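Visitor: Below are the sequence and a predicted model; questions follow.
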Amino acid sequence: MIIYRFRLLVCMVLVSFLSVSCSDDSGTEIADSFSDNEGSVLDDAEARRGRGGSNGSGIEVSRIDSDILQDWMSLFLELDRYAYGMRPNATARALAYINMGAYETALPGMPDFVSNDRLIQGLRIDRRVNNRNLNYELALNAAYADLFDHFILNLPSAEESKIAQLEDQIFNELSQNISNRDIDESLSWGTSVASQIIAYSQTDQAA
């Protein structure tokens, strides 16, 4: 259990480091973008759904709690135990691309941060999206599911099915009191980013 918690902590630190490195302001911490909602004006149910009401408008990424990151990274650590032949190189590659995809998905809601496509030659993220009504947790959930399906290899069917199970569980929690249009746009954005990350990874000769 101690080793499991340590590995989860290492994964979260890695996500934070990669995200901070892409910020225009070196003093900005990723914690400012994914908060634990202490002192938030939202109640727990509203915060978990990723919005401060039912009017359909999106909220800033800074007001989202970190549960969705922890849920997916906890699943990564669990699946990594059964992904035959992935350690160490393929596991590191998968973790990097999965979390880069999560960062790019949340990026429209983090105005002080910049895309990795300004730093990585050949990477292009189409950001022509109306992010006004995006629910970033729904978008992240969709992106994580697609990225896990692609990058985590050689899983037994019982373990592979846990990806869809977690996606469905989180979707059911988040989609309450949200319009079908906002749901569709959020899911479309998350899957679009995931597909672009996957497409770039297939051209990446260095990894």
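Guide: Thanks, I have it.
Visitor: Next SSE downstream of the least confident helix or strand in the chain by mean pLDDT?
Guide: Sorting the helices and strands of the chain by mean pLDDT, DSSP states H and E puts helix 44-49 at the bottom, at a mean of 37. Per DSSP states H and E, helix 44-49 leads on to helix 67-80 as the next helix or strand towards the C-terminus.
Visitor: Just the CA atoms of that following helix, as CSV, please.
Guide: Taking C-alpha atoms only, helix 67-80 is exported to CSV below (Å, rounded to 0.1, in the frame of the first residue of the first chain):
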residue,chain,number,x,y,z
ASP,A,67,-10.7,13.9,-8.4
ILE,A,68,-10.8,13.1,-12.1
LEU,A,69,-7.0,13.2,-12.4
GLN,A,70,-6.6,11.0,-9.3
ASP,A,71,-9.3,8.5,-10.5
TRP,A,72,-7.6,8.0,-13.9
MET,A,73,-4.1,7.9,-12.5
SER,A,74,-5.1,5.4,-9.9
LEU,A,75,-6.5,3.2,-12.7
PHE,A,76,-3.3,3.7,-14.6
LEU,A,77,-1.3,2.3,-11.7
GLU,A,78,-3.6,-0.6,-11.4
LEU,A,79,-3.6,-1.5,-15.1
ASP,A,80,0.2,-1.1,-15.4
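Visitor: Whichever helix or strand comes after that helix: which residues count as buried?
Guide: Per DSSP H and E, helix 67-80 leads on to helix 89-106 as the next helix or strand towards the C-terminus. With burial defined by 16 or more other Cβ atoms under 10 Å, the residues of helix 89-106 counted as buried are 90-91, 94-95, 97-106. The way it works is simple: take the backbone N, C-alpha and C, and place the C-beta from them, glycine included.
Visitor: How about the next helix or strand after helix 89-106, which residues are buried there?
Guide: Next helix or strand after helix 89-106 toward the C-terminus (DSSP H and E): helix 136-151. Buried residues in helix 136-151, counted by 16+ other Cβ under 10 Å: 136-148, 150-151.
Visitor: what's the answer for stretch 174-185, then?
Guide: For stretch 174-185, by 16+ other Cβ under 10 Å, it's Leu174, Ser175, Ile178, Asp182, Ile183, Glu185.
Visitor: so how far is the first residue of that stretch from its last?
Guide: Terminal residues of stretch 174-185 lie 14 Å apart, using Cα to Cα, to the nearest Å.
Visitor: average pLDDT across it?
Guide: What stretch 174-185 shows for mean pLDDT is 92.
Visitor: Next: stretch 148-160.
Guide: Here the average pLDDT along stretch 148-160 is 96.
Visitor: now do stretch 93-105
Guide: Averaged across stretch 93-105, the pLDDT comes to 96.
Visitor: Tell me how many other residues crowd Val114.
Guide: As a burial measure, Val114 scores 13 neighbours (other Cβ atoms under 10 Å).
Visitor: right, I mislabeled it, should have said Glu167
Guide: 19.
Visitor: Let's see the pLDDT reported for the closest residue to it other than its chain neighbours.
Guide: For Glu167, ignoring the flanking residues on the chain, the nearest one in space by Cβ to Cβ, 6 or more residues apart in numbering is Ala145 at 4.0 Å. With respect to pLDDT, Ala145 has a value of 98.
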